[in-house]
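**Student:** build the 3D model from these lines:
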Amino acid sequence: MLLKVKYQNTKKYIRLLSGFTFLDFIAQVKYKFGLPDATELDAFDETNTVVEEDIFSELIEASPDLCLTVRDRIPDADTNTSLSSSDNDHSSRIEHGTPIGRRTSSQVIPRPTREVSESEAAKELNQDFLLLFGAETASKMLEKWDTTFRPKVINEARHLTQSVEVCRLLKAAEKLTENDDTTWDSDMASLLLLLHLLPPTAGRKRTKISPSDAVDKMFALSQDPSEQLKTLQCKVLMLSFCFQSCCSLDEHLRGRDGRQPYILAVGRTRNRIDTFYIVVDKQLIPCQATSSLGAFDELFKSHYVFNLSYDECLGQLFTFVQTTVYNIDVATTKESPRVREFRAKVFN
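**Tutor:** All right, here's what the predicted structure looks like:
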């Protein structure tokens, strides 16, 4: 069942499985709101009455439409009115532009209390985002990319330094290449051009890398001794590609560090993909989408559904998609000057 929960100023739905307990509820609240496991919480009903563990299940079953408010537990000895650590964290995240409800890369995603099928996981990702933002917001990427955003990206990319990579992506985005198995389809090519327009920036703990380094690093080339099939895996910060892979998906996952979510595309060639997956913390979630644009749509949504922050190297790209394509938290999200400038060009 789905239960509405409010924490601080944010409301979210959480999913409770059959036979749930109060501890299951608290675990799901921490998961959805990105709270540390050590956080102690109390639940209150709509009359501000504490909901205790022994009557929790009975109360929810009797009032499934109830919206519970969850607060950090205040120690009995602590009666001062200063901000709690979670309040300070909340304020700090707003100040630094991290959207509320998304986990930083150092935090670990809790495991679900039971296994779910691949088809269930794929549906739940889209359904949870739909519950968070509504149908209009959830459909914006697929409805507007080809007509509104892709032409703008292509036009702006023509003003970039015309490297071999940019020229190749431009031709693919404009559908000027035919039967070329080494290039992406037009949608993915335009998304990768967007990464060139909004490239990775240097940070306090990392050096600046080029868009090509972020998009197209080869990290494995092996050969199947039985069928002599080559395995080509293209390491991308947001996308990996397996070409007639002789290594299993498990082997691929073991070879990757568990960081931010990315797309795993499995197929014969770059423009002939059989299956798309979203990989989160080394867990495979098959995409419902069968197109690269649909897979990217689900990749973006996974950050909100699983409360994950953006990879720092892809921060500009995802922030642009968030504020400009989906129109989420435009007033409260910290944008770089480059993102703001490109937003202005899109709407002029």
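**Student:** lowest-confidence helix or strand of the chain?
**Tutor:** Per-element confidence for the chain was summarised using mean pLDDT, DSSP states H and E. The lowest value among helices and strands belongs to strand 217-223, with a mean of 25.
**Student:** those strands in the protein, which residues are they?
**Tutor:** Under the criterion DSSP state E, strands of the chain are mapped to 2-7, 10-15, 41-44, 50-51, 67-72, 217-223, 230-235, 239-243, 262-269, 272-280, 283-286.
**Student:** which of the ones you listed is buried the deepest?
**Tutor:** Among the strands of the chain, the stretch with the highest mean neighbour count (mean count of other CB atoms under 10 Å) is strand 239-243, at a mean of 21. Any C-beta I mention is one placed from the backbone N, CA and C, and that applies to glycine too.
**Student:** for the residue nearest to Asp187 when sequence neighbours are not counted, the count of nearby residues, please.
**Tutor:** Excluding its sequence neighbours, the residue lying closest to Asp187 (CB to CB, 6 or more residues apart in numbering) is Leu293, at 4.0 Å. When counting by other CB atoms under 10 Å, one arrives at 18 neighbours for Leu293.
**Student:** likewise for Lys175?
**Tutor:** The burial metric for Lys175, expressed as a neighbour count using other CB under 10 Å, is 10.
**Student:** break the protein down into its domains, please.
**Tutor:** With domains defined by automatic domain parsing, the chain comprises 2-80, 118-347.
**Student:** helices of this structure, start to end?
**Tutor:** With DSSP state H as the criterion, the chain has helices at 22-33, 56-62, 85-95, 118-133, 135-138, 140-144, 150-157, 164-173, 186-197, 211-215, 249-254, 292-305, 315-320, 337-347.
**Student:** tilt between the last one and helix 186-197?
**Tutor:** Translated: helix 337-347. 130 degrees (axes from the mean of the first three to the mean of the last three CA atoms, to 10 degrees).
**Student:** and helix 337-347, what's its mean pLDDT?
**Tutor:** Per-residue pLDDT values over helix 337-347 give a mean of 92.
**Student:** any low-confidence regions in the stretch 1-150 of the chain?
**Tutor:** Applying pLDDT under 70 to the stretch 1-150 of the chain flags the ranges 75-122.
**Student:** and Lys282, how far from Thr177?
**Tutor:** Between Lys282 and Thr177 the distance is 34 Å, computed by CB to CB, to the nearest Å.
**Student:** give me the more crowded residue out of these two.
**Tutor:** Applying other CB under 10 Å to Lys282 and Thr177 shows that Thr177 carries more neighbours, namely 17 against 14.
**Student:** any idea of the pLDDT on the more buried one?
**Tutor:** The per-residue pLDDT of Thr177 was computed as 70.
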